[in-house]
Structures are given as C-alpha cells and as structure tokens.
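J.: Dropping a prediction and its sequence here:
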Amino acid sequence: MRGPHIAKALVGSRNQLYIPVAILIGGWMLLLADTIGHNLADPDGITAGIMVALIGAPYFVYLLLKK
C-alpha cells in the first residue's frame with residue numbers, strides 16, 4: 001500500500017505523528033478500495049487487492065518520476 005508514502009508526505013519524519021497517520025491512511029485506503037470494488041462490478045465485485053493496486057499505482061509512478 002501507499003499509505004506510509006502519503007503519510008510521510010503529509011507529516012514528515014516526526015514518528016509520533018507519522019506512524020498513527022500511516023495506519024489511518026492505510027486503513028482508509030483499504031476501506032475505500034473495498035467499497036469501490038463492491039460497487040463497480042455486480043454481483044461479485046472486484047477484490048480489494050486489485051482495487052488497492054489500481055488506486056495506489058498512479059501515486060507510486062508519480063513518486064518514481066519525481067526523483
């Protein structure tokens with residue numbers, strides 16, 4: 001998941017904030033991916049892992065191209 005990368009961009013390297021924010025963002029991303037996956041395709045939906053990859057891949061490519 002890209003939660004830790006997003007958290008690092010938001011709060012920097014302050015560990016007291018970084019770890020809780022990374023946990024929350026990771027959980028929210030998984031919940032969002034599961035919700036989108038269940039609502040996109042009927043009746044079975046799309047698995048959360050595939051949706052996480054689709055949501056997180058563009059941000060990962062952005063991080064690669066930024067450096």
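T.: Okay, I see it.
J.: drop to CA atoms for contacts and neighbour counts, all remaining ones
T.: Will do.
J.: which residues touch the closest residue to Met51 other than its chain neighbours?
T.: Leaving out its chain neighbours, the residue that sits closest to Met51 by C-alpha to C-alpha, 6 or more residues apart in numbering is Ala33, at 5.1 Å. Ala33 makes contact with Ala48, Gly49, Met51, Val52, Ile55, according to C-alpha atoms under 8 Å, 6 or more residues apart in numbering.
J.: buried subset of those?
T.: For these, burial is judged from neighbour counts taken by 16 or more other C-alpha atoms under 10 Å, and it is met by Ala48, Met51, Val52, Ile55.
J.: quick check, nearest of these to Lys8?
T.: Closest approach to Lys8 among the buried ones among the contacts of Ala33 (C-alpha to C-alpha): Ile55, at 17.8 Å.
J.: what's the distance between that closest one and Gly26?
T.: The gap separating Ile55 from Gly26 is 12 Å, by C-alpha to C-alpha, to the nearest Å.
J.: With Ile19 instead?
T.: Per C-alpha to C-alpha, Ile19 is found 11 Å from Gly26.
J.: Just want to know which of those two has more residues nearby.
T.: Neighbours of Ile19 and Gly26, each counted by other C-alpha atoms under 10 Å, are more numerous for Gly26; the result is 20 against 16.
J.: ranges for the helices of this protein?
T.: Listed in chain order, the helices of the chain (DSSP state H) span residues 3-11, 15-40, 48-66.
J.: Does anything pack onto the last one? Which helices or strands?
T.: The reference is to helix 48-66. Using 3 or more C-alpha pairs under 8 Å, 6 or more residues apart in numbering; DSSP states H and E as the contact criterion, the neighbours of helix 48-66 among helices and strands are helix 15-40.
J.: Now the helix it packs on: buried residues?
T.: Buried residues in helix 15-40, defined by neighbour count with 16+ other C-alpha under 10 Å: 18-19, 21-22, 25-26, 29-30, 33-38.
J.: How far does that helix sit from its chain's centre?
T.: Helix 15-40 sits 6 Å away from the centroid of its parent chain (C-alpha atoms, centre = their mean, to the nearest Å).
J.: and the angle for that helix with helix 3-11?
T.: Using axes from the mean of the first three to the mean of the last three C-alpha atoms, to 10 degrees, the direction of helix 15-40 lies 130 degrees away from that of helix 3-11.
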